[in-house]
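Enquirer: give me coordinates for this.
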Amino acid sequence: MAAISYDSPEILASFSRQRGITFPLLSDAGSATIKRYGVLNTVTEEAFGPNRNDPALAADIRKYVAVVPPNAGMVGMAFPGTFVLDRKGRVTSRFFEDFYPERNTVSSLMMKLGVGAAVAGTAISTGHLEITTFPSDQVIAPGNRFSLALNVEPHPGIHVYAPGASGYRVIALTIAAQPFVRVLPVKYPASQIYFFKPLNERVPVYQKPFTLLQEVILESSSQAQAALRGKDALMLTGTLEYQACDDKICFNPTSVPLSWTQTLRPLVFERPNRPQ
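Expert: Modelled structure (predicted):
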């Protein structure tokens, strides 16, 4: 892993020592590489230009400029994101954030890539499914975009209905609402087509092991940080609802209660010190 910014090697070396960073920090003088990758944040320059009062630009300024301390020298900065390269230097995946202070955690990115997580899971057994659920990160802070994973293994001969199945209860994960926690749409994997011969019916189902990924953002606003100050844990609760069937019987709909508890740490927002 390496991080790249337009800061000088001297500034990056000092920042690395201050923060105890052990991976490489790369200096992109003049933002040359940032420009070649097409991720230069031009909003910072427009914020001081003739169109700075344009409503659309003003919205971008609030998103990509106003969140950074004044005089932080953002001109030349990239939009926040992550590129994943193979050993030949080819980009295989990329992830970008919609809001500067709200960032994917490394563990969440790895989970999206199918690498898994080092966090211990909770095993749940129902009459139809074996479920293991875990968060991407055991420790989170305001601004973190993390994931909740459910590894689901249907029992032999059992299937549950996938999105697109009409007339059946599709498997669904619901997270209980709470302030300053934003829940994104669930990521569903590819399904299989099940042929039910008596009705000459084909429907999308899951009958092999699969994983549901639920992304969650812990907001980083000043109100969120104030509300979370002094708390040492965040507990999320939810339910997994599904209807399971075999080749002959459709069983009653099932609702499985779920919960995840993660340690909270305060947000640390800090840019390298630059000469004024």
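Enquirer: dump the residue contacts of the residue nearest to residue 178 when sequence neighbours are not counted.
Expert: Closest residue in space to residue 178, ignoring its immediate chain neighbours: residue 236 at 7.7 Å, by Cβ to Cβ, 6 or more residues apart in numbering. Heads up, the C-betas are built off the backbone N, CA and C, glycines and all. By Cβ atoms under 8 Å, 6 or more residues apart in numbering, the contact list for residue 236 reads 148, 175, 176, 178, 181, 216, 259, 260, 261, 262.
Enquirer: from these, which ones fall inside strands?
Expert: 148, 175, 181, 216, 259, 260, 261, 262 (DSSP state E).
Enquirer: thought residue 82 was touching residue 37, still the case?
Expert: No - the criterion here is Cβ atoms under 8 Å, and residue 37 misses it with residue 82 at 11.6 Å.
Enquirer: overlap in contacts of those two?
Expert: Common neighbours of residue 37 and residue 82 (Cβ under 8 Å, 6+ apart) do not exist.
Enquirer: was I right about residue 157 contacting residue 245?
Expert: No - using Cβ under 8 Å, residue 157 is not in contact with residue 245, being 9.5 Å away.
Enquirer: those two: who's more crowded?
Expert: residue 245 (20 against 11; other Cβ atoms under 10 Å).
Enquirer: quick one: least confident helix or strand in this protein?
Expert: In the chain, no helix or strand scores lower on mean pLDDT, DSSP states H and E than helix 55-64, which sits at a mean of 70.
Enquirer: centre of the chain versus the helix or strand following that one, how much separation?
Expert: Moving toward the C-terminus from helix 55-64, the next helix or strand (DSSP states H and E) is strand 81-85. Relative to its chain's centre, strand 81-85 lies at 14 Å (Cα atoms, centre = their mean, to the nearest Å).
Enquirer: buried ones in strand 81-85?
Expert: By neighbour count on 16 or more other Cβ atoms under 10 Å, the buried set for strand 81-85 is empty.
Enquirer: fine, thanks again, bye for now.
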